[in-house]
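A.B. asks: Got a predicted structure here, sequence first:
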Amino acid sequence: MSPAQRTVRAALAATAVVAMVGTLPQPIAAADPVPPNASDALKRYNELSTQAEKLNEEHLRAQEDLKVKQGELDRANGDLALANEAIKVLQRDVDMLTEASFEGARFNQLSALLVSDSQQDFLNRTSALGVLAGSNAEAIGKLGEAVAQAEDAQERATTATNDATKLVDDIAKRKTALDEQVGEAREQYRSLSASEKAALNDSGDLGKITVPAGTAGKALEFALAQRGKPYVFGSNGPDSWDCSSLMQAAYRSAGVSIPRTTYGQATIGRSVSRSEVKAGDLIIYYSSQSHVSMAIDGIRAVHASTEGVPVKIQDIDSIGPISVIRRVEG
């Protein structure tokens, strides 16, 4: 394994460890526009949180891109190993056939005629020589194909390694920017008044809500069951969530796999208009597509919002400017 490939694998391992032990910065994201009469501190906090959530989703997307590149690298290395093995076998066949051509007579009818005892023997020898020559030509052709496949696999492996190495550097830079943004937003949160913090921490409607049958209903039932749990930056549950991990887990509980990031979730299923919204639809917010909620009906949605705000129900349009609405199934 090359040093670059070891760097890529080490980065993937570090990413997995971060996900398991929860060492990423603490909860920051922003989905809720502040009320008109909000304090300057709360307005500033909302701005900082919105920026932090965008960086969070970009960081997650870069990690997913790295996994894709690692998969490409693994496939290319696998193809390269198979091609190299084929080259060994075919080279042996070519060597054996070439050696046979020199041990016997040269591949021409004159040599066959000179050593033949009869006309039939001549025909037999000619036929055998023809088969041997054809086999040798075929083996050489296959060897050439195997070499070309090996060269292609090597080129793909090199490209994937270079791309993944660049992504490792990109992830490190994004993580640094993310940490700085989170730190600034968390500092701003500490400056909020007790009443503002209490308002943010309100869990809202925790009452029973009837969900429709089917996949969307099962996903919605899961999301609603998470109400009151905290938002934790980069969390994948089950005790805390960020916005996109909650949506992913909800649909996973219904037997449907969807992407981890809001960017990926903004491309699945089919697009529906605001007037068509129904239970289970994913509502992606902001021009940056950095926040997501799940529709309960045409008015309300459930989502993981921001630091100090538990998973809760809010009016769809109060969460933020809508970018796109996706129906996962149906």
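C.D. replies: Here it is on my side, so go on.
A.B. asks: Wait, Ile322 touches Ile283, no?
C.D. replies: Yes: here Ile322 lies in contact with Ile283, judged by C-beta atoms under 8 Å, at a distance of 6.0 Å. Every residue, glycine included, has its C-beta placed from N, CA and C.
A.B. asks: Name the residues contacting each of the two.
C.D. replies: Ile316 (C-beta atoms under 8 Å, 6 or more residues apart in numbering).
A.B. asks: Among the two, which residue is more densely surrounded?
C.D. replies: Ile283 (26 against 15; other C-beta atoms under 10 Å).
A.B. asks: Please, which helix or strand holds the more buried one?
C.D. replies: strand 282-285 (DSSP states H and E).
A.B. asks: Walk me through which strands that strand pairs with, and which way each runs.
C.D. replies: Strand 282-285 pairs in its sheet with strand 291-295 (antiparallel), strand 322-327 (antiparallel), by DSSP bridges.
A.B. asks: Need those strands in CSV (columns: distance to Asp202 and mean pLDDT).
C.D. replies: Compiled in CSV, these are given as follows (distance: least, C-beta to C-beta, whole Å; pLDDT from 0 to 100):
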stretch, distance to Asp202, mean pLDDT
strand 291-295, 17, 97
strand 322-327, 23, 98
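A.B. asks: Looking at those strands, which is nearest to Ala216?
C.D. replies: strand 322-327 (8.0 Å; C-beta to C-beta).
A.B. asks: how about the closest one: buried residues?
C.D. replies: Of all the residues in strand 322-327, those buried under the rule 16 or more other C-beta atoms under 10 Å are 323, 325-327.
A.B. asks: which residues sit against the strand holding Ile283?
C.D. replies: 31, 247, 262, 265-266, 268-269, 277, 291-295, 301, 316, 319-328.
A.B. asks: just the buried members of these?
C.D. replies: Looks like these have 31, 247, 262, 265-266, 268-269, 277, 291-295, 301, 316, 319-320, 323, 325-328 buried, using 16+ other C-beta under 10 Å.
A.B. asks: List just the one of the strands paired with strand 282-285 that sits closest to Gln154.
C.D. replies: Between those, strand 322-327 lies closest to Gln154; by C-beta to C-beta that is 39.9 Å.
A.B. asks: gap between that closest one and the chain center?
C.D. replies: On the basis of C-alpha atoms, centre = their mean, to the nearest Å, strand 322-327 sits 21 Å off its chain's mean C-alpha point.
A.B. asks: For it, give me every contacting residue.
C.D. replies: Residues contacting strand 322-327 (C-beta under 8 Å, 6+ apart): 216, 265-274, 276-278, 280-287, 289, 295, 316.
A.B. asks: redo that, cut-off 7 Å
C.D. replies: If you take C-beta atoms under 7 Å, 6 or more residues apart in numbering as the criterion, strand 322-327 is touched by 265-266, 268-272, 274, 277, 281-287, 289.
A.B. asks: repeat for stretch 210-222
C.D. replies: 249-251, 253-254, 256, 279-280, 294, 296, 328-330.
A.B. asks: Need the buried ones from these selected in PyMOL.
C.D. replies: To isolate the buried subset of the contacts of stretch 210-222 in PyMOL, counting by 16+ other C-beta under 10 Å, use the following:
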select buried, resi 249+250+251+254+256+279+280+294+296+328
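A.B. asks: okay, among the contacts of stretch 210-222, which ones form the most distant pair?
C.D. replies: Every pair of the contacts of stretch 210-222 checked by C-beta to C-beta; the farthest is Ala249 and Gly330, at 20.0 Å.
A.B. asks: So for the protein, which residue is the most central one in space?
C.D. replies: The centroid of the chain falls nearest to Glu64 when counting by C-alpha atoms, centre = their mean (3.6 Å).
A.B. asks: Out of the contacts of stretch 210-222, which comes closest to Gly144?
C.D. replies: Relative to Gly144, and with distances defined as C-beta to C-beta, the nearest of the contacts of stretch 210-222 is Val256, at 46.5 Å.
A.B. asks: would that closest one count as being in a helix?
C.D. replies: No: secondary structure of Val256 (DSSP: H, G, I helix; E, B strand; the rest coil): coil, not part of a helix.
A.B. asks: Correct me if wrong: it contacts Gly269.
C.D. replies: No: the pair Val256 / Gly269 is not scored as a contact, 9.6 Å apart, by C-beta atoms under 7 Å.
A.B. asks: Common neighbours of those two, please.
C.D. replies: 328-329.
A.B. asks: I'd guessed Asp242 sits against Lys229; true?
C.D. replies: No: Asp242 is beyond contact range of Lys229, at 11.3 Å (criterion: C-beta under 7 Å).
A.B. asks: So between those two, which is more surrounded?
C.D. replies: Between Asp242 and Lys229, counting by other C-beta under 10 Å, Asp242 is the more crowded of the two (30 against 19).
A.B. asks: Could you find the closest non-adjacent residue to Asp281?
C.D. replies: Counting by C-beta to C-beta, 6 or more residues apart in numbering, Asp281 lies nearest to Ala295, which is 4.3 Å off, once chain neighbours are set aside.
A.B. asks: Perfect, that will be all.
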